[in-house]
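Chemist: sequence below, structure please.
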Amino acid sequence: MPPEAFPALVALAIATLFTPGPNNAMLAASGANFGFRRTIPHWLGVATGFPLMLLVVGLALGGLFQASAILREALRWGGAALLLWIAWKVATSGGIGSKTADARPMTYIEALGFQWVNPKAWSMAVAATSQFILPAAPITTAAIVTAVFLTLGLGSGATWCYAGQAIARWLTTAKRLKIFNLVMAGLIVLSIVELVRH
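Modeler: Next up, the predicted model:
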């Protein structure tokens, strides 16, 4: 990778990893509802799952998804349906100390697997790999792209989890927690609208 391309890669990673989207809204909601410690597996699943996806897409799958409109559409609508279900779960979450039997943060494997059906993750992966993974040096440039997204993804995920936990100090009543969860679910739904419009 030419040295002058590295700042552009870092800027892209910061812009995509730190801005609101499905992963960050879910991490903030989990931090607020379950605390940072219980959200660690979810955070690590996102932080390692997306870079793994970048590596696989960069080395093998990117061209397949770019060439197949059917695969892109199936991913777009299947991912949108899953995101709607997640938004519903966030909106109806009982929060810390909830007696609801299924109220829990995502596991590491669930968060890692979610990256593969997240339309925003696919869009980012195809865009990043097509711009920064060079055919002349695919393994080296794929490793650089993956390392940048892994490093910054760890920081981004921790930031959103901590932000959610910090907000939890204000969410001391059921009404405030419900409003917060509805706002986070709304952010997820807005991201779905943006994804299916394109």
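Chemist: from now on I want contacts and neighbour counts done on CA atoms only, so please keep to that.
Modeler: OK.
Chemist: what about T39, distance to G31?
Modeler: 6 Å (C-alpha to C-alpha, to the nearest Å).
Chemist: P138: how many residues sit nearby?
Modeler: 17 (other C-alpha atoms under 10 Å).
Chemist: what does the helix or strand hosting R38 contact?
Modeler: Secondary structure assigned from DSSP states H and E places R38 in helix 36-56. Identification of contacts with helix 36-56 by C-alpha atoms under 8 Å, 6 or more residues apart in numbering yields 23, 27, 30-31, 105-113, 115-116, 121, 125-126, 128-129, 142-143, 145-147, 149-150, 153-154, 157-158, 161-162, 165.
Chemist: so how far is stretch 115-128 off the chain centroid?
Modeler: Stretch 115-128 sits 9 Å away from the centroid of its parent chain (C-alpha atoms, centre = their mean, to the nearest Å).
Chemist: list only buried entries from the contacts of helix 36-56.
Modeler: 23, 27, 30-31, 105-108, 111-113, 115-116, 121, 125-126, 128-129, 142-143, 145-147, 149-150, 153-154, 157-158, 161-162, 165 (16 or more other C-alpha atoms under 10 Å).
Chemist: what sits against the closest residue to A5 other than its chain neighbours?
Modeler: Leaving aside its sequence neighbours, A5 sits nearest to F132 (C-alpha to C-alpha, 6 or more residues apart in numbering; 7.7 Å). F132 makes contacts with 1, 5, 9, 141-142, 145, as judged by C-alpha under 8 Å, 6+ apart.
Chemist: all helices for this protein, in order.
Modeler: Assignment of helices within the chain using DSSP state H yields the ranges 6-18, 22-34, 36-56, 62-67, 69-91, 108-114, 119-132, 138-168, 174-197.
Chemist: report all helices and strands that the last one contacts.
Modeler: Packed against helix 174-197, as judged by 3 or more C-alpha pairs under 8 Å, 6 or more residues apart in numbering; DSSP states H and E, are the following elements: helix 22-34, helix 69-91.
Chemist: helices and strands of this structure: which one bottoms out on pLDDT?
Modeler: When the helices and strands of the chain are scored by mean pLDDT, DSSP states H and E, helix 62-67 comes last with a mean of 59.
Chemist: on that earlier part again, give the residues shared as contacts by T39 and G31.
Modeler: Common contacts of T39 and G31, defined by C-alpha under 8 Å, 6+ apart, comprise C161.
Chemist: show me the contacts for R176.
Modeler: Per C-alpha under 8 Å, 6+ apart, neighbours of R176: W170.
Chemist: returning to that earlier point: need the CA coordinates for the helix holding R38. CSV is fine.
Modeler: What follows is the C-alpha trace of helix 36-56 in CSV, where atoms were taken according to Å, rounded to 0.1, in the frame of the first residue of the first chain:
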residue,chain,number,x,y,z
PHE,A,36,-19.9,-2.6,30.4
ARG,A,37,-18.6,-5.8,31.8
ARG,A,38,-21.6,-7.9,30.6
THR,A,39,-21.3,-6.2,27.2
ILE,A,40,-17.6,-7.2,26.7
PRO,A,41,-18.4,-10.4,24.7
HIS,A,42,-20.7,-8.4,22.4
TRP,A,43,-18.1,-5.6,22.0
LEU,A,44,-15.3,-8.1,21.2
GLY,A,45,-17.6,-10.0,18.7
VAL,A,46,-18.1,-6.7,16.8
ALA,A,47,-14.5,-5.6,17.1
THR,A,48,-13.1,-8.9,15.8
GLY,A,49,-15.9,-10.0,13.5
PHE,A,50,-15.9,-7.0,11.2
PRO,A,51,-12.1,-7.2,10.6
LEU,A,52,-12.4,-10.9,10.0
MET,A,53,-15.1,-10.2,7.4
LEU,A,54,-12.8,-7.6,5.8
LEU,A,55,-10.1,-10.1,5.5
VAL,A,56,-12.3,-12.8,3.9
